[in-house]
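Student: With the sequence up front, the predicted model follows.
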Protein chains: 2
Amino acid sequence: MSAPRLLRAQALTAAAFAAFGDVVAADGHDSYPINQGTARRYHDLARVDVSAQRGRAAISLVRAQPQAPPLPLRLMERHPLASQAFMPLTPASFLVVVAPPGAAPGYGDLHAFVSNGRQGINYLQGVWHHPLIALHQVTDFLVVDREGPGSNCDEAAISDGEVTVAL
Amino acid sequence: MSAPRLLRAQALTAAAFAAFGDVVAADGHDSYPINQGTARRYHDLARVDVSAQRGRAAISLVRAQPQAPPLPLRLMERHPLASQAFMPLTPASFLVVVAPPGAAPGYGDLHAFVSNGRQGINYLQGVWHHPLIALHQVTDFLVVDREGPGSNCDEAAISDGEVTVAL
């Protein structure tokens, strides 16, 4: 039996995550004043793409129980019809594990990122991802994804077996 | 000169807000387990409606400076083409002031609500609303609204003059 393959999480940045989706955060984005100067708007931060096959945007909440790395990863999922965004509703860091679109990913395809808690993410359509991993507390996320006809969730085992993700 | 008309805010509830839009919150909604039991999903909590005139859903952030009621209200706005949702990104209460769709609202049309900080809101298309009022701290909101061609913001003075909103 071989040793578990270790996947180390890196800090989430827009540049490192660009091939997989968007980092939803104020930092690093321009803004402009609104509401008679009482607020600033950071506009259009994610590539929302939900209209395939008569889909529409839906707003949901996900309440995730915390988990403590190192953790085994076995299963990935993807949404072939739409993007999917998650934004934490309290400043709480969490783990994001992704792999490029295409065939079921193996160890060498996986990338892990840690949000600083003020960053959300938006997976592009078809990007493989592990279910989000809350780290330190029960964490609520606002989710913006697709509702509509058609099959919009594929699951696949990591093609070459279990991987361990660590901070 | 007449005394300012006082608008008292009430606690935000789905029932009281239903004519104006949706309360985005876990409380009071069914959920189901996802992600191998590590999370629960509260699905499709808002009537997102952004596709008129080739619109698409956009995700933005708004950073609002706190204000201390009692406050004067003079101007309302509406989005004739789309819904608009705001979700606080930290548990911080805020004030919501709305009026039904139609002609420019007067004092008697206004309703004020206080979010408990774990509730977001989604204004229905055409609902008059005051810019959100953060109360106790600088508050970031995730915004889900419309990007696309066409004019999607009308402003109107409160038709019978300034109103004072209070907690």
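Tutor: Right, received. Where do you want to start?

Student: Tell me where the model's unsure across chain A.
Tutor: Along chain A, the model assigns pLDDT under 70 to residues A:1-3.

Student: Helices of that one, start to end?
Tutor: A:14-17 (DSSP state H).

Student: and stretch A:32-47, which residues are buried?
Tutor: Of all the residues in stretch A:32-47, those buried under the rule 16 or more other C-beta atoms under 10 Å in any protein chain shown are A:35, A:38-43, A:45-46. Backbone N, C-alpha and C define where each C-beta goes, glycine included.

Student: for stretch A:98-116, same thing?
Tutor: Of the residues in stretch A:98-116, those buried (16+ other C-beta under 10 Å) are A:98-99, A:104-105, A:107, A:109-116.

Student: can you tell me which residues contact residue A:95?
Tutor: A:9, A:69, A:112-115, A:132-133, A:135, A:165, A:167 (C-beta atoms under 8 Å, 6 or more residues apart in numbering or on different chains).

Student: now, which of those residues lie within strands?
Tutor: Secondary structure of these is defined by DSSP state E; positions in strands are A:9, A:112-114, A:133, A:165.

Student: Need the max-distance pair from the buried residues of stretch A:32-47.
Tutor: Farthest-apart pair in those is A:38 and A:46; separation 24.3 Å (C-beta to C-beta).

Student: For residue A:42, give me its contacts.
Tutor: A:26, A:29-31, B:60-63.

Student: same thing with residue A:101?
Tutor: A:78, A:124-128.

Student: And those residues, which is closest to residue A:50?
Tutor: residue A:125 (8.8 Å).

Student: wait, what's in contact with the residue in chain A sticking out farthest from the centre?
Tutor: In chain A, the greatest distance from the average C-alpha position (C-alpha atoms, centre = their mean) is reached by residue A:36, at 34.0 Å. The contact partners of residue A:36, by C-beta under 8 Å, 6+ apart, come to B:75, B:131.

Student: same deal with residue A:158?
Tutor: Residues in contact with residue A:158 (C-beta under 8 Å, 6+ apart) are A:73-76, A:104-107, A:110.

Student: Same check on residue A:90?
Tutor: A:117, A:137, A:139-140, B:89-91.

Student: In strands, which of the residues you listed fall?
Tutor: Checking those against DSSP E, those in strands are A:139-140.

Student: ok so, going back, okay, the contacts of residue A:95 in a markdown table with distance to residue B:20 next?
Tutor: Output for the contacts of residue A:95, formatted as a markdown table (distance: C-beta to C-beta, whole Å):
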| residue | distance to residue B:20 |
| --- | --- |
| A:9 | 42 |
| A:69 | 43 |
| A:112 | 42 |
| A:113 | 38 |
| A:114 | 38 |
| A:115 | 33 |
| A:132 | 31 |
| A:133 | 36 |
| A:135 | 37 |
| A:165 | 43 |
| A:167 | 43 |
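
Student: Put together JSON lines for those, with distance to chain B on each row.
Tutor: Compiled in JSON lines, the contacts of residue A:95 are given as follows (distance: C-beta to the nearest C-beta, whole Å):
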{"residue": "A:9", "distance to chain B": "17"}
{"residue": "A:69", "distance to chain B": "13"}
{"residue": "A:112", "distance to chain B": "16"}
{"residue": "A:113", "distance to chain B": "17"}
{"residue": "A:114", "distance to chain B": "17"}
{"residue": "A:115", "distance to chain B": "12"}
{"residue": "A:132", "distance to chain B": "7"}
{"residue": "A:133", "distance to chain B": "8"}
{"residue": "A:135", "distance to chain B": "12"}
{"residue": "A:165", "distance to chain B": "14"}
{"residue": "A:167", "distance to chain B": "17"}
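
Student: Can you name the two of these that sit furthest apart?
Tutor: Across the contacts of residue A:95, no pair lies farther apart than A:132 and A:167, at 14.8 Å, counting by C-beta to C-beta.

Student: Look at those two and report which has more neighbours.
Tutor: Between residue A:132 and residue A:167, counting by other C-beta atoms under 10 Å in any protein chain shown, residue A:132 is the more crowded of the two (22 against 14).

Student: residues contacting the spatially closest residue to residue A:119 that is not a sequence neighbour?
Tutor: In space, and not counting its chain neighbours, residue A:119 is closest to residue A:25: 4.3 Å by C-beta to C-beta, 6 or more residues apart in numbering or on different chains. For residue A:25, the contact set (C-beta under 8 Å, 6+ apart) comprises A:14, A:45, A:118-120, B:61.

Student: one step back: among the contacts of residue A:95, which one lies nearest to residue B:51?
Tutor: Of those, the one sitting nearest to residue B:51 (C-beta to C-beta) turns out to be residue A:132, at 27.6 Å.
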